[in-house]
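Participant: give me a model of this one.
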Amino acid sequence: MDLGLSGKVVLITGGAKGIGAAITRAAVREGAVPVIVDRDASACDKIISELKLARAHDHHVIVELQSPENCADAVERAASAFGRVDALINNAGVNDTVGLERGSPEKFVASLQMNLLHYYNMAHYALPHLKKSRGCIVNIASKTAVTGQGNTSGYVASKGAILALTREWAAELLSFDIRVNAVVPAEVLTPLYEQWLSNFPNPGAKRKALEAKIPLEQRMTTPDEVAAMVLFLISGQASHITGQHLYVDGGYVHLDRALT
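Facilitator: Residues are numbered from 1 along each chain as shown. Prediction:
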């Protein structure tokens, strides 16, 4: 299927690693023009080299997204380099285990800064450009927003807010024909996830125990499977889809636990 994304300029936060990198790769395969917004300069250099992107310096913005000014700068640099912005993929974040007992009010606010506020800031500053292109926004959320996890209040509060903002922005931006959707992954085998698994005495056994709870094929979702949904949602093939929460999780969240 031709998604019709050739030449479309796609801003991807956290686009150098994990799910973000998979989205970047998928965008290139579809002929889109990715602009990676990430704090990891070496990871950006690596993926840009891998994808053999011309004008490499225009395809990445190295910033800490916690600063609203940095978000504004990232958007303007992309628009200046390529003349437009067609899609914003809000993806960057980390499950930082700031819980109710193990955290503090200060750490909770810092977690919101890391995982939520830049979603708003990037959308706010991208909006004038998205109006011109009749573009779209995809927010990457997490199953923890609807299932809970324990000991990660900041991350879960952020992801829950992201689901709510997806519906709010979809409503607010209807008159501009700007579509807004969220993708909700569950267990995705990213480098960060593998790092978390490595903390267990037997990472392989822990992974198998988790996979046994995933109804479809008893395996984890791949970053590429999440990326495929994202690329579909920013394409014309999804032209009448807005305000939706799309789960890419092998049935993990909604299917009967008796199945596993």
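
Participant: helix or strand for the closest residue to residue 78 other than its chain neighbours, which one?
Facilitator: Leaving aside its chain neighbours, residue 78 sits nearest to residue 35 (4.1 Å; criterion: Cβ to Cβ, 6 or more residues apart in numbering). Every residue, glycine included, has its C-beta placed from N, CA and C. Remark: residue 35 resides in strand 33-38, with elements defined by DSSP states H and E.

Participant: go on, residue 181?
Facilitator: strand 179-185.

Participant: what strands flank that strand, and is each parallel or antiparallel?
Facilitator: Applying DSSP bridges, strand 179-185 is found paired with strand 136-140 (parallel), strand 245-248 (parallel).

Participant: over to residue 12. Which of the three states is it?
Facilitator: Using DSSP: H, G, I helix; E, B strand; the rest coil, the three-state assignment for residue 12 comes out as strand.

Participant: could you do residue 171 as well?
Facilitator: Residue 171, by the three-state scheme (three-state DSSP), is helix.

Participant: and the gap between it and residue 165?
Facilitator: 10 Å (Cβ to Cβ, to the nearest Å).

Participant: these two: which has the busier surroundings?
Facilitator: residue 165 (21 against 11; other Cβ atoms under 10 Å).

Participant: who are the contact partners of that one?
Facilitator: Shown in contact with residue 165 (Cβ atoms under 8 Å, 6 or more residues apart in numbering): 119, 120, 139.

Participant: make it 10 Å
Facilitator: 90, 116, 119, 120, 123, 137, 139, 141, 172, 180, 182 (Cβ atoms under 10 Å, 6 or more residues apart in numbering).

Participant: picking that back up, any idea of the mean pLDDT in the strand holding residue 181?
Facilitator: For strand 179-185, the mean pLDDT works out to 99.

Participant: so after that strand, what's the next helix or strand?
Facilitator: Following strand 179-185 in sequence, per DSSP H and E, is helix 191-197.

Participant: with only the CA atoms kept, save stretch 251-260 in PDB.
Facilitator: Taking C-alpha atoms only, stretch 251-260 is exported to PDB below (Å, rounded to 0.1, in the frame of the first residue of the first chain):
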ATOM      1  CA  GLY A 251      -4.400  -8.100  22.800                       C
ATOM      2  CA  TYR A 252      -2.500  -7.600  26.100                       C
ATOM      3  CA  VAL A 253      -4.800  -5.000  27.500                       C
ATOM      4  CA  HIS A 254      -8.300  -6.000  26.500                       C
ATOM      5  CA  LEU A 255      -8.500  -9.700  25.900                       C
ATOM      6  CA  ASP A 256      -9.700 -12.100  28.700                       C
ATOM      7  CA  ARG A 257      -6.900 -13.200  31.000                       C
ATOM      8  CA  ALA A 258      -8.300 -16.700  30.800                       C
ATOM      9  CA  LEU A 259      -6.800 -16.900  27.300                       C
ATOM     10  CA  THR A 260      -3.300 -16.800  28.800                       C
END
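
Participant: for that stretch, which positions count as buried?
Facilitator: For stretch 251-260, the buried set under the neighbour-count rule, 16 or more other Cβ atoms under 10 Å, comprises residue 252.

Participant: now what about it, what contacts it?
Facilitator: 143, 145-147, 184-187, 210-218, 220-221, 247, 249.

Participant: isn't residue 42 right up against residue 16?
Facilitator: Yes: the pair residue 42 and residue 16 passes the contact test of Cβ atoms under 10 Å, sitting 8.6 Å apart.
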